[in-house]
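1. Build me a model from this:
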Amino acid sequence: MSEYREKRTVIEDVPVGSRPVVETQHDSVVNERRGMSGVAVAALAVAVITAAVVITMLIINSQQRNSDEQLAQERARTAAAQQTPPQPAPQQPVILNMPSSQPAIVPVPYPVPGPSQPASSANVEIDVTSRLQNDQELRTYAIDVRVTGGTATLSGNVPDEDLKKRAGKLARAVSGVQSVINDIAVRL
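-> I've put the predicted structure just below:
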């Protein structure tokens, strides 16, 4: 900062007659400022911050636009893939060789279980599975049933011991089941 002195002379009146002219001398110090004021610095700082925020928002907006475009392209690819049905693999033609003369059809007797005849294992297996599937508490659990010679073997998973016992009771109640092997695991 530099400083210089300035002298001013002020005459307050025009001389008239015997009245004297009053002269006053003022010494004043004039400061010359170099640089910017605090307000100018603050305004410049605000302008720089504002510019940085605007630039950051433009960059984020550009990245979001790019991300949106990529998402739209991915959705378009997915939609196109879903609209195009998969091409089935070419199948070999089935060739049947039929003899020139057909044999006579002979009816085969099918045993129907009655009071004196035991039911087939397949039918008993179907009956046990149906009984388990019709039970409100057991229908949500996958319980596998195998029947061999009147013995029903149960396997699968249930969350508690009561459900395991319930499955065993239902299997025993089916006609044609003489014994039950309950291999159901209790898992939470």
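2. which secondary element of this structure has the worst mean pLDDT?
-> Lowest on mean pLDDT, DSSP states H and E among the helices and strands of the chain sits strand 23-32, with a mean of 60.
3. Past whatever helix or strand residue 58 lives in, which element shows up next along the chain?
-> If you go by DSSP states H and E, residue 58 is part of helix 38-83. Proceeding C-terminally, helix 38-83 gives way to helix 121-134 as the next helix or strand, assigned by DSSP H and E.
4. In the helix or strand following that following helix, which residues are buried?
-> Going down the chain from helix 121-134, the next helix or strand is strand 143-148, by DSSP H and E. Residues of strand 143-148 classed as buried: 143, 145, 147 (neighbour count, 16 or more other Cβ atoms under 10 Å). All C-beta atoms are positioned from the backbone trio N, CA, C, and that covers glycine.
5. Let me have these in JSON lines, extended by distance to residue 92 and pLDDT.
-> Listed next are the buried residues of strand 143-148 as JSON lines, based on distance: Cβ to Cβ, whole Å; pLDDT from 0 to 100:
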{"residue": "143", "distance to residue 92": "39", "pLDDT": "92"}
{"residue": "145", "distance to residue 92": "37", "pLDDT": "93"}
{"residue": "147", "distance to residue 92": "38", "pLDDT": "93"}
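6. between those, which is closest to residue 176?
-> Lowest distance from residue 176 to these (Cβ to Cβ) belongs to residue 147, with 7.6 Å.
7. who does residue 181 bridge with?
-> Here residue 181 sits in beta bridges with residue 153, going by DSSP bridges.
8. I'd say it and residue 150 touch.
-> No. Using Cβ atoms under 8 Å, residue 181 is not in contact with residue 150, being 11.5 Å away.
9. what bits of this structure have low per-residue confidence?
-> Across the chain, the ranges flagged by pLDDT under 70 are 1-35, 84-89, 96-119.
10. Tell me the spacing between residue 126 and residue 60.
-> Residue 126 sits at a distance of 64 Å from residue 60 (criterion: Cβ to Cβ, to the nearest Å).
11. Which of those two has more residues huddled nearby?
-> More neighbours surround residue 126 than the other of residue 126 and residue 60, with 15 against 10 (other Cβ atoms under 10 Å).
12. Next, the contact list for that one, please.
-> With Cβ atoms under 8 Å, 6 or more residues apart in numbering as the criterion, no residue contacts residue 126.
13. Domain map for this protein?
-> Following automatic domain parsing, the chain resolves into domains at 2-32, 121-186.
14. ok so, going back, by contact count, what packs against the helix holding residue 58?
-> With contacts taken as 3 or more Cβ pairs under 8 Å, 6 or more residues apart in numbering; DSSP states H and E, helix 38-83 sits against no other helix or strand.
15. Residue 72 - how many residues pack around it?
-> As a burial measure, residue 72 scores 10 neighbours (other Cβ under 10 Å).
16. my bad, residue 54
-> The burial count for residue 54: 10, using other Cβ under 10 Å.
17. repeat for residue 48
-> Neighbour tally, residue 48, other Cβ under 10 Å: 10.
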